[in-house]
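Colleague: Sequence first, predicted model second:
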Amino acid sequence: LRDQAVAEITAAEDLKKLNDVRVSWLGKKGPLTEVLRGMKDLTPEERPVVGSLANDVRDTLTKTIAMRQEKLEAAMLEAQLATESLDVTLPGAAVKQGQPHVLQQIIESLEDQFLGMGYKIAEGPEIEEDKYNFEMMNLPKDHPARDMQDTFYITPEILMRTQTSPVQAREMEQHDFSQGPLKMISPGRVYRRDTDDATHSHQFHQVEGLVIDKHITMGDLKGTLLAVARQLFGEDHDIRLRPSYFPFTEPSVEVDISWGPVTEKTKPEDIQWIEVLGAGMVHPNVLRMAGVDPEIYGGFAFGMGPDRFAMLKYGVEDIRNFYLNDVRFLKQFNQKG
Ligand code: PHE
């Protein structure tokens, strides 16, 4: 029996045949199983003899099959290697490379510029306390200006931040002014209960800026914002400040950027202005609430909208495009061209 089995195993010329042989010899219906099953009819003297013989045969067959299988597999691999050849001199297929989202690109370029001017980048929570988002920004509970920012409340005291200004309060609280001025920007997402349309999104971005030191003036604010505007939109742009109102700054301004070329000969009334951000001199109440003495320190703050910047810079007409993640739209802003 064993010799016949070994002969069949050796003759099996592929893995499937080998498996058939294995099943026919070692399977439930194979002769070996039959022998073992017949043990109960043997005499007690015969049993150990037949048993160990049967086990020997099974071991031999199992080993032989394993060896044969290894050989067949090796042969298959050889055959495969022989037929498949690889031309390593062929040019490779270009790997599609991702890129930062267009808004991220704008934010990063702002970050680079402010880091260069000695600002630090601060972060705060998007789920924020009413205290930081409003109260410490000089907006007590019953303040009518709260209506300017439709708010998603989670509980009466917890909300989705409507602006990045709360990071100002958090940073001022922490800052040790004996160690020098506080200069920070805080980029991040903000949320408002607006109905989405071409110019509104319930989620958008702000880059807050804050400088607190002795002897900071509105001239410092204007110079800073002009530098930022020119770096982002080009050297031929100008800015102008218009009086406005924010609860946390006094005086407050809205900042416009000139659109279209402005030369020596352009008449002031011919310049087209587009509003781009809000800013002002930090309100004494805001300083006081954050533990900063307004008799000694003062400064400016501004709130920029990267979404708005990107729309202007690239002529995007619908803010919702930034949030749809349509690759065909996003691909247009490939920095590497
Ligand atoms: N937080 C203001 C807003 O969202 C913008 C702003 C920031 C204005 C800082 C002035 C100073 O409308």
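Modeller: Right, received. Where do you want to start?
Colleague: Quick check: what element follows the helix or strand that contains Pro251 along the chain?
Modeller: Here Pro251, judged by DSSP states H and E, is contained in strand 249-259. Using DSSP H and E, the next helix or strand after strand 249-259 towards the C-terminus is strand 272-282.
Colleague: Does that following strand pack against any helices or strands, and if so which?
Modeller: strand 203-213, helix 218-233, strand 239-246, strand 249-259, strand 298-304, helix 306-314 (3 or more C-beta pairs under 8 Å, 6 or more residues apart in numbering; DSSP states H and E). No exception for glycine: its C-beta is placed from N, CA and C like everyone else's.
Colleague: near the ligand, which residues of the protein show up?
Modeller: Within the chain, the positions adjacent to the ligand are Gln163, Ser165, Glu208, Phe246, Thr249, Gly278, Ala279, Gly280, Ala301, Phe302, Gly303 by C-beta under 6 Å from any ligand atom.
Colleague: most neighbours, which of these?
Modeller: Counting neighbours by other C-beta atoms under 10 Å, Ser165 leads those with 31 neighbours.
Colleague: what's the closest residue to that one other than its chain neighbours in contact with, if anything?
Modeller: Counting by C-beta to C-beta, 6 or more residues apart in numbering, Met137 is the residue found nearest to Ser165 once chain neighbours are left out, at 5.2 Å. By C-beta atoms under 8 Å, 6 or more residues apart in numbering, Met137 lies in contact with Gln163, Ser165, Pro166, Gln168, Ala169, Pro247, Phe248, Val286.
Colleague: what do you get for Thr64?
Modeller: By C-beta under 8 Å, 6+ apart, the contact set of Thr64 is Ala5, Val6, Ile9, Thr10.
Colleague: Any chance of TSV for the residues you listed, columns neighbour count, secondary structure and pLDDT?
Modeller: Output for the contacts of Thr64, formatted as TSV (neighbours: other C-beta atoms under 10 Å; DSSP: H, G, I helix; E, B strand; the rest coil; pLDDT from 0 to 100):
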residue	neighbour count	secondary structure	pLDDT
Ala5	23	helix	82
Val6	17	helix	84
Ile9	22	helix	85
Thr10	14	helix	85
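Colleague: For Trp25, state which of those is nearest.
Modeller: Distance to Trp25, by C-beta to C-beta, is smallest for Ala5 among the contacts of Thr64, at 4.9 Å.
Colleague: isn't that closest one right up against Ala12?
Modeller: No: Ala5 is beyond contact range of Ala12, at 11.0 Å (criterion: C-beta atoms under 8 Å).
Colleague: Show me whatever sits in contact with both of the two.
Modeller: What both Ala5 and Ala12 touch, as defined by C-beta under 8 Å, 6+ apart, is the set Val21.
Colleague: So Gln104 versus Gln163, what's the distance?
Modeller: 20 Å (C-beta to C-beta, to the nearest Å).
Colleague: bridging residues for the residue of the chain found nearest the ligand?
Modeller: Per C-beta to the nearest ligand atom, Gly303 is where the chain lies closest to the ligand, at 2.7 Å. Counting by DSSP bridges, Gly303 forms beta bridges with Glu208, Gly278.
Colleague: residues in contact with it?
Modeller: Applying C-beta under 8 Å, 6+ apart, we find Gly303 in contact with Gln163, Thr164, Ser165, Gln206, Val207, Glu208, Gly209, Leu277, Gly278, Ala279.
Colleague: count of neighbours near the residue lying closest to Met39 once chain neighbours are set aside?
Modeller: Leaving aside its sequence neighbours, Met39 sits nearest to Arg47 (C-beta to C-beta, 6+ apart; 5.8 Å). Close neighbours of Arg47, defined as other C-beta under 10 Å, add up to 13.
Colleague: Numbering from 58 from now on, please.
Modeller: Sure, I'll start counting at 58 from here, so that last one is Arg104.
Colleague: So Arg104 belongs to a helix, correct?
Modeller: Yes: secondary structure assignment places Arg104 in a helix (DSSP: H, G, I helix; E, B strand; the rest coil).
Colleague: From Ala132, how far out is it?
Modeller: Look at Arg104 and Ala132: by C-beta to C-beta, they are 42 Å apart.
Colleague: Figure out how far the lowest-mean-pLDDT helix or strand in the chain is from the centre of its chain.
Modeller: Using mean pLDDT, DSSP states H and E, the weakest-scoring helix or strand in the chain turns out to be helix 88-94, at a mean of 81. In terms of C-alpha atoms, centre = their mean, to the nearest Å, the centre of helix 88-94 is set 65 Å apart from its chain centre.
Colleague: Mind putting the helices and strands packed on strand 329-339 into a markdown table with mean pLDDT and distance to Phe386?
Modeller: Converted to a markdown table, these look like this (pLDDT from 0 to 100; distance: least, C-beta to C-beta, whole Å):
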| stretch | mean pLDDT | distance to Phe386 |
| --- | --- | --- |
| strand 260-270 | 98 | 17 |
| helix 275-290 | 96 | 20 |
| strand 296-303 | 96 | 29 |
| strand 306-316 | 96 | 23 |
| strand 355-361 | 98 | 22 |
| helix 363-371 | 95 | 10 |
